[in-house]
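>>> One predicted model, sequence on top.
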Amino acid sequence: MSQTKYLSERDLAVNWHPYTQMQTAPPPIGIVRGEGAILYSEDGKEYIDAVSSWWVNLHGHAHPHIAQRVAQQLQTLEHVIFAGFTHEPAVELSERLLCLLPQNQKKVFYTDNGSTAVEVALKMALQFWYNQGIPKTKIIAFEGSYHGDTFGAMAVSERSVFTQPFQQYLFDVAFLPVPVPGREMETLDALTALLTQSDSAAFIYEPLVLGTAGMVMYAPEILDQIISLCHQHQVLCIQDEVMTGFGRTGKRFAADYLTQQPDLMCFSKGITGGTMALGVTTVSQQIFNAFLSEDKTRALFHGHSYTANPVACAAALASLDLVENLEFQKNLDRISTSHANFKTEFEHQPGIKECRQTGTILAVEFAVEQTSYFHSLRDKLYNFALENGVLLRPLGNIVYVLPPYCITENQLEKVYSTLEGMRKLVQ
Ligand code: PMP
């Protein structure tokens, strides 16, 4: 191994990257340092991380408060088995998290990432009915949804090229159209028809924004109606806040826009401020109670080696300190206002099919003959942004901005001018 070689060269010899066609992808960019919204590369370039490194980073890179708390925890207790044992960071994190969630959420189950948070929620929902001897086995999800890459999470996600090779191993799911503005009745009608049968166990959904679908957005009022309809028919609601959680929608959680309360919730990504891998599934007392018994076989047989890792919990606690700080909401409001102002100007420009915004998430859909994840425009737009010193990862012809909340007004202006440059490129 030669230390004089660039990281990007050494990397190609040994690493296999996610969501990457390794034959045709350019060498990865070696990042040596991060601070605030900026990533610094080994060849001396700077990139504004306008996608929060796959939607995880909240407060900026290498945040000193999180770094200090993590370092402290590493010197006290790095890990301990979480079956039969517990520790302060997990207890404190659960206590503090539950205080911020809808008040029916009473128990916390830890895993490692968003996909496993979803797997656990699905297993809990199915076993909830199984333990009671009630034959409810069907899962309902939105068309276009994405809930992760493990098998259960893939099964409840849109069938697509992502899932095609595994199609025969994925369980059947009833898919509902997304209630985008003007098409709410289609969703309600489809759901009502489904609910005439009594076999639906649970409905899983990305609240307000379907991320991977291309930041497809819908209103809280219709989601309230959907949850309420599900509850009237004894269908559990699983709210996947893996992406929307911790401020992305302009409030702490998408749940803060709703009057109805989900039965189960999934979190990951921003929970540690983007520092460590951690997944969380929270549930109502009713869900938890269905697993209580003198009979050991009614327990939830699920657990990962690193369940509730103390260092990850410490990172999450440090991040929560920042989430609970007044500055946090101020930044959400500031970014939301900037996005809204930009959108008003930009959405009527030639070459733009649609601009969408929910809180700190802004999406621009460039007008092409057919919107698609594999649209050839994608690589052009991606490279253009990098050349401008901005990290944006287009979903085909849809470009979204989902920044860390410390992003400055100047940096936001640079991101917007990159979008304007993209528009000219497309024209
Ligand atoms: N749910 C949603 C809504 C997501 O956006 C994602 C990841 N993009 C996941 C689940 C899966 O999370 P992870 O990548 O951490 O497994």
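Great, that's in hand. Residues are numbered from 1 along each chain as shown.
>>> Where does pLDDT dip in this structure?
1-4 (pLDDT under 70).
>>> just checking, S228 touches Q260?
Yes. Between S228 and Q260 there is a contact under Cβ atoms under 8 Å: 5.5 Å. C-betas here are computed from N, CA, C, even on glycine.
>>> Now do the contacts for the residue in the stretch 251-400 of the chain that the ligand sits nearest to.
For the stretch 251-400 of the chain, the residue closest to the ligand is S268, as judged by Cβ to the nearest ligand atom, at 4.7 Å. The neighbours of S268, taking Cβ atoms under 8 Å, 6 or more residues apart in numbering as the test, are N113, G114, A117, V242, A277, L278, G279, V280.
>>> So which of S228 and Q260 has more stuff around it?
Between S228 and Q260, counting by other Cβ atoms under 10 Å, Q260 is the more crowded of the two (18 against 12).
>>> Show me which residues of stretch 406-420 are buried.
By neighbour count on 16 or more other Cβ atoms under 10 Å, the buried set for stretch 406-420 is C406, I407, Q411, L412, K414, V415, Y416, T418, L419.
>>> Then the second one would be within a strand, right?
No. Secondary structure of I407 (DSSP: H, G, I helix; E, B strand; the rest coil): coil, not part of a strand.
>>> ok, and what's touching stretch 362-374?
Contacts of stretch 362-374 with the rest of the structure, by Cβ under 8 Å, 6+ apart, involve 160-161, 214-215, 217, 339, 342-343, 346, 351-357, 375, 377, 381, 395-402, 419, 422-423, 426.
>>> actually stretch 116-124, not the one I wrote
By Cβ under 8 Å, 6+ apart, the surrounding residues in contact with stretch 116-124 are 109, 111, 139, 147-148, 150, 152-153, 156, 202, 204, 238, 240, 242, 264-268, 279-281, 283, 287, 291, 300, 302, 304.
>>> Enumerate the residues of the protein near the ligand.
Residues of the chain lying close to the ligand (Cβ under 6 Å from any ligand atom) are 113-115, 118, 146-148, 206, 211-212, 240, 242-243, 268.
>>> Would you point out the most distant pair within these?
Greatest spatial distance among these (Cβ to Cβ): N113 and E206, at 15.9 Å.
>>> When those two are compared, which one has more neighbours?
Each of N113 and E206 has its neighbours counted (other Cβ under 10 Å); E206 has more, 26 against 19.
>>> I'd assumed R248 was in contact with the more buried one.
No. Between E206 and R248 there is no contact under Cβ under 8 Å: 11.0 Å.
>>> Before I go, just wanted to say thanks for your time.
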